[in-house]
Each structure stands twice: as C-alpha cells, then as structure tokens.
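> I would like the atomic coordinates for the input below:
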Amino acid sequence: MTRKGMHMARPRNNIESLIFEEGATVEVTETNTPVSDYFGRLTFSGDVMLKRLPPDVAMSLAGTIMQGQPLNPMVANTVAGAMKDWALENGATHFCHWFHPLTGSTAEKHDAFLSVNGDGVAIEKFSGNSLIVGEPDASSFPSGGIRDTYEARGYTAWDANSPAFLLTTTDGVTTLCIPTAFASYTGEALDMKTPLIRSVQAVAKQAARILKVFGTDEDVTQVVGTLGCEQEYFLIDQDLFRERLDLVICGRTLIGATPPKGHQLDDHYFGAIPSRVLSYMTEVETRLFELGVPVKTRHNEVAPGQYELAPTFEKTNVAVDHQMVTMHILKDVARKHGFECLIHEKPFAGINGSGKHNNWSLSTDTGVNLFEPKAETHNNLQFLVFLCAVIRAVDKNAELLRASIASAGNDHRLGANEAPPAIMSVFLGEMLTDIIDQLEAGKPRKTVKGGTLDLHADTLSDVPRHAGDRNRTSPFAFTGNKFEFRAVGSTAAVAWPTTVLNTIVAESLDFMAGKLEKEVGKKPTPAKLDAAARSLLKDVIKEHRRVCFDGDGYSAEWAKEAAKRGLPNIRNAAESLPTLKSRLATSLFSKYGVLSARELKARGEVLLEQYCTNLEIEGRTLSTIIHTQVLPAALRAQAELADVVGATQVAGVECPDTEEDLRTLVGRISEMRTGINEVEAALEAPAKNPETHAKWLRTELIPAMDRTRAACDWIESRIPNELWPMPTYAQMLLVGR
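So this is what the prediction gives:
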C-alpha cells in the first residue's frame with residue numbers, strides 16, 4: 001500500500017490527531033479508495049456515528065468524547081443498537097469488553113449477539129446495559145491482594161472516549177471490541193486504564209490553573225494529554241522460532257553464541273527494507289489504518305532483523321489502546337507471512353535491544369500545544385512554566401519514574417550502550433539550556449536561533465537548522481514540542497508509565513500554580529505576573545536543574561557526575577519496584593485521586609510477582625534446554641573428539657592440540673553442569689516475601705544463568721554444526737529476510 005496526498009493539519013473537531021486533505025487517496029492493490037472511507041473504517045467513531053445515531057444521541061456522545069462530559073446512560077440503548085447493526089454488517093458475530101488487566105496485556109471475553117428469548121426464538125440482541133457494563137471474573141487476574149480466589153465479581157465499564165472497533169483475525173473471524181475499564185466489586189481499579197484516565201484528569205486540572213493565571217484559557221474548555229508511541233521489534237522466520245524453546249516460552253534467547261556479524265557496520269539501520277518484510281509491513285499498516293491507528297513511519301532499526309513502526313499523536317487514552325492493538329497486529333500478521341514478531345526488550349544478547357519511545361505532551365482543545373516554544377522562547381513565560389514544571393517533576397520523582405519502566409526484560413536493555421541509562425535525566429538542547437542559564441542568572445534577553453546549514457553544493461538547498469541537537473542517550477528528552485520518554489521497554493503496556501508521568505507532572509503544575517496564584521492575586525497585572533513567573537522559574541531552576549544533562553548518557557563519566565549531583569542510579573527492577581510502596585508515592589497518587597494506597601500497593605505487589613515469575617520461568621527453561629538439548633549434543637561432541645584422540649594414540653601419533661581441545665571441552669561441559677546446578681539451587685530457595693525474593697533472584701539466579709550461558713555459548717562456537725540442536729543467531733538474524 002502506498003499513501004498519496006497525506007496532509008497533517010490541526011486536529012478536526014480538536015480531538016482527532018490525524019486528518020487528510022479532501023480527496024486524498026490511498027492506493028490499495030489495484031484500486032483507489034478515498035482515505036476518508038478507508039482510515040478508521042473499522043472503528044465506531046466519526047462518520048459511522050453521524051450516519052447511524054440520531055442527532056441528539058450523537059451530540060450527547062460527542063460531548064463525552066470531545067469535552068469529557070459525564071456519559072448519559074439514557075443514550076446507551078440507542079448507541080448499542082447502532083453499534084450492533086454496524087458490527088453485524090461487517091461480519092461480527094460476537095462482542096467483547098476489551099480491557100487492560102494488570103497482566104500487562106489485554107483481555108476479552110466473547111459473547112454472541114445471538115440470544116434465545118423465553119419462547120425459544122433466537123434473536124440478535126445487544127442492549128445498552130451490555131454496552132456499558134460487563135462482569136468478568138476478577139479473581140482470575142492479578143490483583144495484588146485486592147481480591148481473593150473466592151471473591152470473583154468484577155466489572156468492566158465502557159470507555160466512551162476510545163472508539164469501539166472490529167478486530168478481525170488473519171483467519172477472518174471478526175469481533176466487536178469495546179474498550180473498557182476494569183474494577184473490583186469493591187470499586188478499586190484492577191486495570192491499567194482506570195488510573196490512566198484519572199491521571200489525565202489530574203494533570204489537565206492543574207494545567208488549566210496555569211492557563212487561567214496567564215489569561216489564556218478564554219476559549220479552552222479542556223486540556224488533553226497527547227501521546228505517540230514508537231514500537232521497535234524483531235522479525236525471525238517462524239520455523240526457526242519454533243525450534244527455540246527459549247524464544248517460545250520466554251520471548252528471548254537464554255543461550256546463543258555471538259554471530260560473526262551483528263550491527264557493527266551500521267548497514268541495516270535505515271537500509272532498504274527487504275521485500276518480504278515490506279509485504280508484512282504493508283499489511284500491518286493496512287490493518288492498523290482500518291482500525292484508526294495513525295501509523296506514519298516504518299524503517300529498519302539498528303540490529304539485523306530489527307524494525308520500527310511509529311504513529312502520529314493522539315489523545316492519551318486512545319493512543320494507549322491503539323498501542324496495545326498495534327502489538328497484537330504486529331504479532332498476528334507476522335505469522336501469516338511466515339515470521340514471528342519478537343517484542344521483548346532483549347531477544348538476542350550482544351545485539352541491539354528494543355524500546356518504545358513515548359512522545360508525550362499536553363494540548364488544549366483549541367489545538368494549542370502547551371510545549372510549543374514559539375519564536376522568542378525566552379519571553380514565552382507560560383511555556384517556560386510548563387517546561388520547568390516537568391523538570392521539577394522528573395527531579396523530585398526520579399525513582400518513581402524509574403520504577404514505572406522497571407521489568408526483568410528492560411533490565412537487559414537500560415544502559416547497555418543502545419538505550420538510555422537507568423539514571424533519569426532531562427535533555428533540553430542548546431536553545432533551552434541557554435534560556436534556563438539566563439533565567440537562573442537574571443532576566444533572559446535572547447533566544448538562540450538555529451539558522452541554516454550551507455552544504456556548499458550549488459544543487460543542494462540550504463537546510464533549516466534547529467536551535468538544538470537531539471540526544472538518543474537521554475531517557476527523557478525534549479524534542480521540539482514534546483518530551484520523548486525513551487526508557488520505556490518494548491513490551492511495556494504504556495498506560496502505566498504514562499500514568500506515573502501524568503501524576504508527577506500534575507503535582508508539579510499544582511505547585512507552580514499555587515505559587516503564581518498567591519503572588520499575582522485575584523487581579524493580576526502583566527507586570528505582577530511577569531515578576532512572579534520569573535522569580536518562580538529562577539527558584540525552580542536553581543533547585544532542580546541538576547537533573548538536566550545534554551551530554552553522553554552512555555559514558556562512565558556521566559554515571560560519576562550523576563552521583564555527584566545526587567541523582568539516583570537504580571540499575572535493576574528488583575531495587576526499583578519497592579519505590580512504589582514508599583510513603584512519597586502513596587501520598588502522591590492518593591492526593592491526586594489516581595490510585596488509593598491499596599490500589600498502589602497492589603500494583604507494586606503484582607509487578608514484583610511478575611518480575612520473580614518471569615525470572616523463575618527463564619531459569620526453569622534454561623534448565624530444560626541444557627539437560628535435554630545442549631548437554632546431549634555436547635557429550636556427543638565430546639565422545640567424537642575422544643574417539644579421534646584414542647584412535648590417534650593407538651596409531652602411535654602424538655596429538656597434543658587435539659588432546660588439549662578435548663580437555664577444554666570437558667572443562668566447559670563441567671562448568672555448564674556446575675552453572676545449571678546453581679540455577680536449580682537458586683530456584684529452590686524459599687520466598688520470604690516478594691521484595692526479598694526479587695533481590696535473591698537478582699543476586700543469585702541471574703549470575704548463575706550468566707555463568708551457565710557463558711560455558712554453553714563457548715560450546716556452541718566449538719562443536720560441529722550438525723550436532724548443535726537449535727538455530728543459531730546467524731541463522732535467525734541474517735538468513736531468510
């Protein structure tokens with residue numbers, strides 16, 4: 001599929017983040033289809049709603065979607081009937097409430113539209129009550145102690161802000177999916193969506209106070225969060241995938257010798273996309289466009305076999321839903337094309353890992369991006385207040401922000417010279433750094449301009465030059481009119497780090513608004529506001545600019561410098577996740593109504609349990625692979641080599657090199673046996689509590705697995721190919737694109 005005439009513009013109705021020019025077309029196989037008919041055609045929104053709902057119902061629902069008004073239950077039956085008819089016309093036979101439990105994935109229970117009434121007649125039925133509320137089993141999902149096994153009742157509640165959609169499998173089975181929140185019988189959130197929506201409300205409320213102080217809120221009825229989530233992934237041949245037990249069970253390779261060629265030549269990055277991969281990408285994009293996901297970018301990533309997909313911005317809760325759909329589509333379509341899509345942060349040791357860059361911002365419903373610097377940035381005090389509020393939020397809550405992206409998978413990636421370090425810092429760039437220098441010293445007087453680049457070739461135009469560079473080593477970088485949270489892992493459900501980010505920024509905006517409101521009073525004058533804002537900015541910069549760093553985040557010098565500045569460097573999830581139980585975190589989330597103390601504690605418990613369980617599964621998988629595949633192959637190689645040595649000695653010929661090879665191989669096999677025994681012993685240790693167990697696995701299990709792997713990888717690189725029982729890195733990464 002090639003797209004023609006795509007045009008970015010101000011959001012239509014101030015809520016949609018991507019529109020196209022009138023008459024633009026999308027080329028699909030041999031026919032041209034108007035983009036307005038093609039984009040989002042499998043979502044119950046926009047034109048579908050206008051065509052199928054009475055005007056008063058459409059207006060009521062639009063008020064909920066566009067202005068955050070409470071949902072009117074009186075319209076539910078009408079909406080449900082229209083939604084059912086639309087779904088049936090498009091081949092759906094079932095519907096489901098689609099939600100984000102604390103597993104980090106999505107969940108759905110399918111119910112048929114077909115029902116049997118009292119006289120035995122089959123009818124197609126979908127009521128307003130079925131649309132608004134569902135009742136899955138709450139005790140079968142992770143709850144962190146909120147629910148016991150015998151306490152089963154839970155509820156799903158329709159999120160009308162995120163459009164329902166028709167999800168079709170590659171086999172052609174279509175289901176109506178209704179995005180919902182998921183809560184316990186007690187009313188406590190058991191999902192990712194509910195606290196996300198609460199956090200969006202919290203940050204919007206505090207941002208509105210800043211706008212009111214500056215008098216820029218006249219036409220604004222709502223502040224909305226926006227998000228764009230890039231997604232990195234690997235593709236390998238499905239037949240090879242099925243032969244790797246570690247990939248099938250764990251999503252990453254637990255053993256594997258380094259291939260002769262990785263990404264040393266940088267030749268894969270932005271290279272020509274292989275035709276088989278391009279066919280796959282094209283179908284992924286087609287399906288995502290049909291589902292209203294505004295994908296824009298595709299390219300080869302750094303590592304062989306690694307690729308990236310990126311959308312444009314959307315409202316936060318819609319972007320979160322679309323990101324989960326994107327991961328589903330990437331994996332589903334891959335199998336149709338004979339690939340397996342690997343989304344793990346580190347599928348291959350020694351090879352560039354995968355992340356998920358969360359591009360985050362705040363906008364008004366009038367189309368104004370609150371992080372747009374504008375031309376004379378040093379005079380744009382409202383922007384500088386929002387900017388410094390984020391700087392303050394990251395500095396005050398660095399440990400909490402680090403915990404929001406903590407996982408066993410991300411531990412392999414953070415700080416590995418391919419991803420941002422575990423030290424939370426903010427990149428600002430030359431122009432903004434110069435302005436905060438001026439603010440700290442006194443009244444700012446200028447804004448550094450980017451100018452143009454002369455490429456000294458008559459046939460090449462001068463290139464507009466930005467006022468600041470980009471920094472790929474920063475975990476939290478300002479990139480023109482948004483912040484890019486680069487430290488998020490590729491498997492992450494982005495709702496959680498976004499919830500944390502929204503909440504800490506809400507607290508910081510609350511602080512800034514309170515200071516400004518107190519200083520300027522009820523009748524602020526421009527002079528009063530100017531003086532108050534500059535004084536506040538100066539104080540905030542002095543206290544919190546230690547978190548700002550524009551240099552090389554990969555360098556050892558930065559780790560030393562960060563320690564001098566007092567910035568935390570929490571290297572793994574076992575150390576990071578207990579932050580969620582801190583008094584500071586509990587107070588913060590409770591104050592802004594995002595999570596109660598019990599809800600937050602439950603999330604900490606669930607994340608620690610998932611961390612421990614993932615490591616235990618990896619340890620047991622490694623044990624199985626060593627005992628059933630690697631050790632038998634190594635012993636066969638040992639026997640063959642011993643036969644060679646014995647035959648040579650019988651012939652009366654000295655063979656010291658071959659004898660040394662045999663001794664070395666025997667030694668490596670012994671090291672591997674010792675290592676796997678240590679792995680199994682670490683797995684047998686009793687768990688006192690989740691925190692202690694997580695640290696035990698981190699300090700005992702992981703090093704034992706690493707030692708086992710080192711011996712195993714050496715054996716792989718020395719024994720004959722025909723004896724090695726599984727696909728190698730070279731086969732998986734460099735063959736069959």
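
> Would you map the helices across the stretch 151-300 of the chain?
193-214, 238-242, 245-250, 275-290 (DSSP state H, counting those that start in this stretch).

> Check the ones you listed for me and report the most buried one.
helix 193-214 (a mean of 22; mean count of other Cβ atoms under 10 Å). The C-beta positions use only the backbone N, C-alpha and C, and glycine is treated the same way.

> so what pLDDT did the residue lying farthest from the centre of the chain get?
Distance from the C-alpha centroid of the chain, by Cα atoms, centre = their mean, peaks at residue 652 (64.7 Å). Listed pLDDT for residue 652 reads 86.

> now swap in the one 10 residues further on and tell me
Confidence per residue is given as pLDDT, and for residue 662 that number is 94.

> mind checking the SS state of it?
helix (DSSP: H, G, I helix; E, B strand; the rest coil).

> try the one 5 residues further on
Assigned by three-state DSSP, the conformation of residue 667 is helix.

> so how many other residues sit close to it?
12 (other Cβ atoms under 10 Å).

> now swap in residue 570 and tell me
Neighbours of residue 570 (other Cβ under 10 Å): 20.

> which residue sits closest to it in space, ignoring its chain neighbours?
Of all residues not flanking residue 570 in the chain, residue 576 sits nearest, at 4.6 Å (Cβ to Cβ, 6 or more residues apart in numbering).

> for the helices of the stretch 151-300 of the chain, which one sits closest to residue 702?
With Cβ to Cβ as the measure, helix 245-250 is the member of the helices of the stretch 151-300 of the chain nearest residue 702 (13.3 Å).

> With just CA atoms, put that closest one into CSV.
Output of helix 245-250 as CSV, limited to C-alpha atoms (Å, rounded to 0.1, in the frame of the first residue of the first chain):
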residue,chain,number,x,y,z
LEU,A,245,12.2,-23.3,23.3
ASP,A,246,13.6,-20.2,25.0
LEU,A,247,12.0,-17.9,22.4
VAL,A,248,8.7,-19.7,22.5
ILE,A,249,8.5,-19.6,26.3
CYS,A,250,10.4,-16.5,27.4
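
> just checking, what packs against that helix?
Packed against helix 245-250, as judged by 3 or more Cβ pairs under 8 Å, 6 or more residues apart in numbering; DSSP states H and E, are the following elements: helix 238-242, helix 597-625.

> before we move on, which element is residue 586 in?
Element membership for residue 586 (DSSP states H and E) is helix 583-591.

> Return the set of buried residues in that helix.
585-586, 588-589 (16 or more other Cβ atoms under 10 Å).

> Could you do stretch 656-674 as well?
Buried, per 16+ other Cβ under 10 Å, within stretch 656-674: 658-659, 662, 665, 668-669, 671-673.

> quick one on the thing from earlier: any chance of the helices and strands packed on helix 245-250 in a markdown table, plus distance to residue 94?
Formatted as a markdown table, the helices and strands packed on helix 245-250 follow (distance: least, Cβ to Cβ, whole Å):
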| stretch | distance to residue 94 |
| --- | --- |
| helix 238-242 | 28 |
| helix 597-625 | 29 |
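
> Average pLDDT for the helix or strand harbouring residue 395, rounded please.
Per DSSP H and E, residue 395 falls inside helix 381-396. Helix 381-396 shows a mean pLDDT of 97.

> longest single strand anywhere in this protein?
The residue-count maximum for a strand in the chain (DSSP state E) belongs to strand 174-184.

> Point out where this structure drops to low pLDDT.
1-38, 67-68, 115-125, 416-418, 464-468, 736-737 (pLDDT under 70).

> Residue 659 and residue 715: what is the separation?
18 Å (Cβ to Cβ, to the nearest Å).

> on that earlier part again, right, so the helices and strands packed on helix 245-250: which one is the most enclosed?
helix 597-625 comes out most buried of the helices and strands packed on helix 245-250 by mean count of other Cβ under 10 Å, with a mean of 20.

> Run the chain-centre distance for it.
Mean-position distance between helix 597-625 and its chain equals 19 Å (Cα atoms, centre = their mean, to the nearest Å).

> Could you quantify the relative orientation of that helix and helix 193-214 as an angle?
130 degrees (axes from the mean of the first three to the mean of the last three Cα atoms, to 10 degrees).

> For the nearest residue to residue 516 once chain neighbours are set aside, give me its contacts.
Distances taken as Cβ to Cβ, 6+ apart place residue 213 nearest to residue 516, at 4.8 Å, with adjacent residues excluded. The neighbourhood of residue 213, defined by Cβ atoms under 8 Å, 6 or more residues apart in numbering, consists of 513, 516-517, 520, 524, 529.

> Could you export the longest strand of the chain as PDB, CA atoms only?
Output in PDB follows, covering the C-alpha atoms of strand 174-184 (Å, rounded to 0.1, in the frame of the first residue of the first chain):
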ATOM      1  CA  THR A 174     -14.400 -10.600  13.400                       C
ATOM      2  CA  THR A 175     -15.300  -9.500  16.900                       C
ATOM      3  CA  LEU A 176     -16.700  -6.200  18.100                       C
ATOM      4  CA  CYS A 177     -14.200  -4.900  20.800                       C
ATOM      5  CA  ILE A 178     -15.500  -2.300  23.300                       C
ATOM      6  CA  PRO A 179     -12.700  -0.500  25.200                       C
ATOM      7  CA  THR A 180     -13.500  -0.600  28.900                       C
ATOM      8  CA  ALA A 181     -12.100   0.000  32.400                       C
ATOM      9  CA  PHE A 182     -11.900  -3.000  34.800                       C
ATOM     10  CA  ALA A 183     -12.700  -2.700  38.500                       C
ATOM     11  CA  SER A 184     -13.300  -4.900  41.500                       C
END
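
> Enumerate the positions of that strand that are buried.
Under the neighbour-count criterion of 16+ other Cβ under 10 Å, strand 174-184 has 174-184 buried.

> Neighbours of residue 542, how many?
Neighbours around residue 542, by other Cβ under 10 Å: 12.

> What does it show for phi and psi?
phi -60, psi -40 (degrees, to the nearest 10).

> Help me confirm that it comes into contact with residue 440.
Yes. Assessed by Cβ atoms under 8 Å, residue 542 is found in contact with residue 440 at 5.9 Å.

> can you map out the strands along the stretch 351-500 of the chain?
For the stretch 351-500 of the chain, the strands defined by DSSP state E, counting those that start in this stretch occupy 358-364, 426-427, 452-453, 463-464, 476-478, 483-485.

> Just put those in JSON lines and tack on mean neighbour count and distance to residue 339.
As requested, the strands of the stretch 351-500 of the chain are exported to JSON lines (neighbours: other Cβ atoms under 10 Å; distance: least, Cβ to Cβ, whole Å):
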{"stretch": "strand 358-364", "mean neighbour count": "24", "distance to residue 339": "26"}
{"stretch": "strand 426-427", "mean neighbour count": "26", "distance to residue 339": "35"}
{"stretch": "strand 452-453", "mean neighbour count": "12", "distance to residue 339": "40"}
{"stretch": "strand 463-464", "mean neighbour count": "10", "distance to residue 339": "37"}
{"stretch": "strand 476-478", "mean neighbour count": "25", "distance to residue 339": "32"}
{"stretch": "strand 483-485", "mean neighbour count": "25", "distance to residue 339": "28"}
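
> related to what we said a few turns ago, I'd like to know which of the buried residues of helix 583-591 is nearest to residue 227.
residue 589 (19.7 Å).

> Disregarding residues adjacent in the polypeptide, which is nearest to that closest one?
Closest to residue 589 by Cβ to Cβ, 6+ apart is residue 595, at 4.0 Å.
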